[in-house]
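In: Here is the input, now give the coordinates:
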Amino acid sequence: MKKRKTGVKLFLEYLYEHRFTAVWALGCILCFTAVFLLYQIELRAVYYPVLLCAVFSLLFCIPGYNRYKRKREILNRLGDEKGTVTELLPFADAGLESAYQALAARMEETQRKSEEAWIQSQKDMQDYYATWVHQIKAPIAVLRVLLQRTDTEENQEMRSELFRIEQYVEMALYYTRLQEDASDLVLKEIDLDRIVRNAIHKYAGQFIRKKLRLVYGGTDKTVLTDEKWLSFILEQFLSNAVKYTKAGEVRIKVNDRKQLTVEDTGIGIESEDIPRIFEKGYTGYNGRMDKKSTGIGLYLVKQAAGKLGHSLHVESIPGKGSHFTIDLASYPLQVE
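Out: Numbers count the residues shown, from 1 in each chain. This is a model prediction of the structure:
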């Protein structure tokens, strides 16, 4: 919020804006004084006109300052407003002020049209991506069926790459959804065990292909969250675990405090990279070495967790593995 001026500063500002009028008045007084001196008239005769002029100037100055003060107060309030403000501007006393207000109105109208065009273009882009994602799923499903006809090593490799393509497609869809407001969220009590098992089933083929052991003991916890977004977060954790774990196991645990943790025995994350792994486009040292990281997955995870009100925590030791934890007991909302 803009700092308000005090009464003294405002009055001095008013006098400064009328400095040329004051200089003109002083010049007139000096002219009268010079003429009186040339005609050898007593200067005492100048005092009374000057005093009268000062009194009349003060009488005109007080209402002028009051109008100036009211205008400043209106402008200060408008400075805190959002949206259209030119219609609420104070009445213009002079033609120049009217011209400035007309110019501001034209600029505001231009800005409004630009914002509307930008919003519409963003909406069109989101609609296009959403349509594209749904359309591209059809050929992906057909390819999956075709590759399942023959269980060869080559087809297994192609199915794995097709799965990655599908994940990137879904990531694009979630990326566009993140631009929407909170109306995209559906908060309700859900069975956490069902969410976890669905995610495990989805990535089962990837675990089998890489011969990784998956350990999950089940849970009876229910959590208040959005099922779709929580599934996305968990799947991203599993995706990274599979991607960066060459051998060993992946564990999924849920404690009594409703903290869900995905642990792996992968390559880990460098300590200097951990504070930035949720930044958009940041891949870190291991991501650059592996050349498979996009720097988008964990960014989307952070944004989704923020929308849900869940906190995230990461622990990692390079060469030994990583622990990704989402606290499902932390949320700002309660069920009505």
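In: can you count the residues close to Asp264?
Out: Neighbour count for Asp264, taken as other CB atoms under 10 Å: 25. Every C-beta, even on glycine, is put in place using the N, C-alpha and C of the backbone.
In: What sits closest to it if chain neighbours are left out?
Out: Ala241 (4.0 Å; CB to CB, 6 or more residues apart in numbering).
In: I figured the one you found hits Val262, correct?
Out: Yes: Ala241 is in contact with Val262 according to CB atoms under 8 Å; the separation is 5.8 Å.
In: in the protein, what residue sits furthest out from the centroid?
Out: Farthest-out residue of the chain from its mean C-alpha position, per CA atoms, centre = their mean: Gln40, at 76.8 Å.
In: I'd assumed Lys253 was in a helix, is it?
Out: No: counting by DSSP: H, G, I helix; E, B strand; the rest coil, Lys253 is not part of a helix but strand.
In: Roughly how far does it sit from Gln259?
Out: 8 Å (CB to CB, to the nearest Å).
In: Looking at the two, which has the bigger crowd around it?
Out: Using other CB under 10 Å as the criterion, Lys253 and Gln259 rank with Gln259 on top: 18 against 15.
In: how about the more buried one, phi and psi?
Out: phi -100, psi 120 (degrees, to the nearest 10).
In: likewise the one 3 residues further on?
Out: Backbone torsions for Val262, taken as degrees, to the nearest 10, come to phi -110, psi 120.
In: what's near enough to touch it?
Out: 234, 237-238, 241, 250-252, 323-325 (CB atoms under 8 Å, 6 or more residues apart in numbering).
In: Filter the residues you listed down to the buried ones, PyMOL style.
Out: To isolate the buried ones among the contacts of Val262 in PyMOL, judged by 16 or more other CB atoms under 10 Å, type:
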select buried, resi 234+237+238+241+250+251+252+323+324+325
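In: Would you mind finding the longest helix in the protein?
Out: helix 95-147 (DSSP state H).
In: what's that one packed up against?
Out: helix 153-178 (3 or more CB pairs under 8 Å, 6 or more residues apart in numbering; DSSP states H and E).
In: hang on, the earlier thing: and the residue farthest from the centre of the chain, that one's in a helix?
Out: No: assignment of Gln40 by three-state DSSP gives coil, placing it outside any helix.
In: Next one, pLDDT for it please.
Out: Gln40 is assigned a pLDDT of 78 by the prediction.
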